[in-house]
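Chemist: Predicted model, plus sequence, below.
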Amino acid sequence: MKSLNNYINESQDEYFSEDEIGKIMKDTWDKNGKFYKLLKELDYKPVNNDIKDFLEQCLDDDRVAAQFASYISELIGRDNFSIEQVQKFIKTNDIIG
């Protein structure tokens, strides 16, 4: 069980910690990671293993961003962030490559 302080601090933390960013970046580019399992479930076939198109769709389509947000939530074990934060994450980190 989380302490009240941790719960309050997590609730107010609207962006990803450095540890969370590291987990997301590592898993997104890991061919055996959860991200590629997500793409397979969505029947999305990246051309030449390039995920750039999917991530760019996240910036343009909130439904796709929501799918990516769900993946992130499962990966880092936290869900108190918005689709806008996910899109900001994609824009501000070199995740697209």
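Modeler: Ah, there it is.
Chemist: And the strands in this protein, which stretches?
Modeler: Taking DSSP state E, the chain contains no strands at all.
Chemist: Taking the centroid of it, which residue is nearest it?
Modeler: For the chain, the residue nearest the mean C-alpha position is residue 72 (3.6 Å; CA atoms, centre = their mean).
Chemist: and the longest helix for this structure?
Modeler: Criterion DSSP state H: the longest helix present in the chain is helix 62-76.
Chemist: So what touches that one?
Modeler: By CB atoms under 8 Å, 6 or more residues apart in numbering, the residues outside helix 62-76 that reach it are 16, 20, 23-24, 27, 34-35, 38, 42, 54-55, 57-59, 79, 81-83, 86-87, 89-90. Glycine gets a C-beta too; all of them are placed from N, C-alpha and C.
Chemist: For it, buried residues please.
Modeler: For helix 62-76, burial by neighbour count (16 or more other CB atoms under 10 Å) applies to 64-65, 67-69, 71-72, 75-76.
Chemist: roughly how far is it from the heart of the chain?
Modeler: Here helix 62-76 is found 5 Å from its chain centre; the criterion is CA atoms, centre = their mean, to the nearest Å.
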